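Student: I need the structure of the sequence given here:
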Amino acid sequence: MEKKVRRIGVLTSGGDAPGMNAAVRAVVRASIARGISCIGIRRGWNGLINSDFVPLTSSSVSHIINKGGTMLYTARSLEFMEESGRAKALATCRLLGLDGIVAIGGDGTFRGALAISRQAARDGMSLRVVGIPATIDNDIGCSHYTIGFDSACNTAIECIDKLRDTMQSHERCSVVEVMGRHAGYLALYVGISVGATAVLIPEREPDFERDIVEKIRRARLAGTTHYMVVVAEGAGSAIEISQRIHDELGIDPRVTVLGHIQRGGSPSARDRETASRMGYEAVRVLAEGEGNQIIGILDGRLTDIEMEEALAMTKTFQMDRYQILEALTNSCGPDF
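Tutor: Below you'll find the predicted structure:
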């Protein structure tokens, strides 16, 4: 007979993403609804190593669903990557009487969760873990959508729309760098949404002449006097790209690196709702005696996938979206 789950921990780890607070809230309140107590582990896996925790109640997560960031703070932990660090974390789990942990974050967060669960099993301890994907890069292989992506897109779009106003006034070229070291989802979705002249993503080997120079020349011939280039940080440096545009076209571009502003701000309706559903589902999985799962969205439906299998999955980049972008920019008129 499975041991009844009486207490679980919840943590946020890695880069923060809008909607993490909504997920924490859902985990806490779904736990309480099932008679399970919930402990907030602060500063990611470091919190378990350093016994940095706080009991969470329904009232302690009131009025956080609309807030960006994470009330539990977040951090990356080098010590947790070592077996000795995880041993310290397991000592805290024993102290708290944790039956399971909900880990909210990205790929590194989930690998840490799987590692501590396996180490606990070797030590004769049962510790189930469930992962909730939250990253603005939308680059988790087992889920078509991750918490924070929509909010980050909206933030970038709002910034670029404001840049457009001054860019049009001065008839300039703007090069905007968005986050996405290994994934171009953010750059591509934002590029389509703002009507960018050109978009560079890490999934597609850039050809400067084809992808930027020709598109700006074509836009010029169509009568456009202002241009927008969106660059994922993993596809190149906005400053270097700006210099090449200046050298080859005689244009003096302005560079904007949006940086960490994309992680901040109030989460969108989509991220609040998705985080709430995922948090509820994570608690259900633990309460029903399952574990070592990641909650994901596949083909529009919420699903839970065995963690080892989930971590081996890869996401095929949506090149059809890039083809849409190409079609719309190749017929460039006086908008961008």
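Student: roughly how far is stretch 319-328 from the heart of the chain?
Tutor: 23 Å (Cα atoms, centre = their mean, to the nearest Å).
Student: Provide the contact partners of that stretch at residue level.
Tutor: Residues from elsewhere that reach stretch 319-328 (Cβ atoms under 8 Å, 6 or more residues apart in numbering): 188-189, 191-192, 195-196, 199, 201, 203-204. Any C-beta I mention is one placed from the backbone N, CA and C, and that applies to glycine too.
Student: let's see 10 Å
Tutor: For stretch 319-328, contacts defined as Cβ atoms under 10 Å, 6 or more residues apart in numbering pick out 184-185, 188-189, 191-192, 195-196, 198-199, 201, 203-204, 211, 215, 230, 318, 335-336.
Student: remind me, longest helix of this protein?
Tutor: In the chain, taking DSSP state H as the definition, the longest helix is helix 149-170.
Student: Packing partners of that helix?
Tutor: Here helix 149-170 touches strand 173-178, helix 185-194, strand 227-232, strand 254-257, helix 269-287, going by 3 or more Cβ pairs under 10 Å, 6 or more residues apart in numbering; DSSP states H and E.
Student: at 7 Å what do you get?
Tutor: strand 173-178, helix 185-194, helix 269-287 (3 or more Cβ pairs under 7 Å, 6 or more residues apart in numbering; DSSP states H and E).
Student: what's the following helix or strand after the longest one?
Tutor: Okay, so that is helix 269-287. strand 293-298 (DSSP states H and E).
Student: what about dumping the CA coordinates of that following strand to PDB?
Tutor: Extracted in PDB, the C-alpha atoms of strand 293-298 (Å, rounded to 0.1, in the frame of the first residue of the first chain):
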ATOM      1  CA  GLN A 293       6.900  13.100 -13.600                       C
ATOM      2  CA  ILE A 294       6.900  16.400 -15.600                       C
ATOM      3  CA  ILE A 295       3.600  18.100 -16.300                       C
ATOM      4  CA  GLY A 296       3.600  19.300 -19.900                       C
ATOM      5  CA  ILE A 297       1.300  20.400 -22.700                       C
ATOM      6  CA  LEU A 298       1.300  18.300 -25.800                       C
END
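Student: now the angle between helix 269-287 and that strand, please.
Tutor: 140 degrees (axes from the mean of the first three to the mean of the last three Cα atoms, to 10 degrees).
Student: Now find how far off-centre strand 293-298 is within its chain.
Tutor: 14 Å.
Student: Can you tell me which helix or strand of this protein has the lowest average pLDDT?
Tutor: Least confident helix or strand of the chain, by mean pLDDT, DSSP states H and E, is helix 319-330 with a mean of 81.
Student: Would you mark the buried spots in that one?
Tutor: For helix 319-330, a neighbour-count test (16 or more other Cβ atoms under 10 Å) marks 321-322, 325, 328-329 as buried.
Student: so which of these comes closest to S242?
Tutor: T329 (18.6 Å; Cβ to Cβ).
Student: Tell me where this protein is predicted with low confidence.
Tutor: The chain contains residues with pLDDT under 70 at 1-2, 330-336.
Student: Only whichever of the contacts of stretch 319-328 are buried, select them in ChimeraX.
Tutor: Here is the ChimeraX command that picks out the buried ones among the contacts of stretch 319-328, judged by 16+ other Cβ under 10 Å:
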select :184,185,188,189,191,192,195,196,198,199,201,203,204,211,215,230,336
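Student: Just to check, T135 is in contact with S13?
Tutor: No - in this structure T135 lies outside contact range of S13 using Cβ atoms under 7 Å: 10.7 Å.
Student: more crowded one of those two?
Tutor: Higher neighbour count among T135 and S13: S13, with 31 against 27, using other Cβ atoms under 10 Å.
Student: got the contact list for the closest residue to the more buried one other than its chain neighbours?
Tutor: Among residues not flanking S13 along the chain, G44 sits closest, at 3.5 Å (Cβ to Cβ, 6 or more residues apart in numbering). G44 makes contacts with 11-13, 74-77, as judged by Cβ atoms under 7 Å, 6 or more residues apart in numbering.
Student: Out of the residues you listed, which sit inside strands?
Tutor: 11-12 (DSSP state E).
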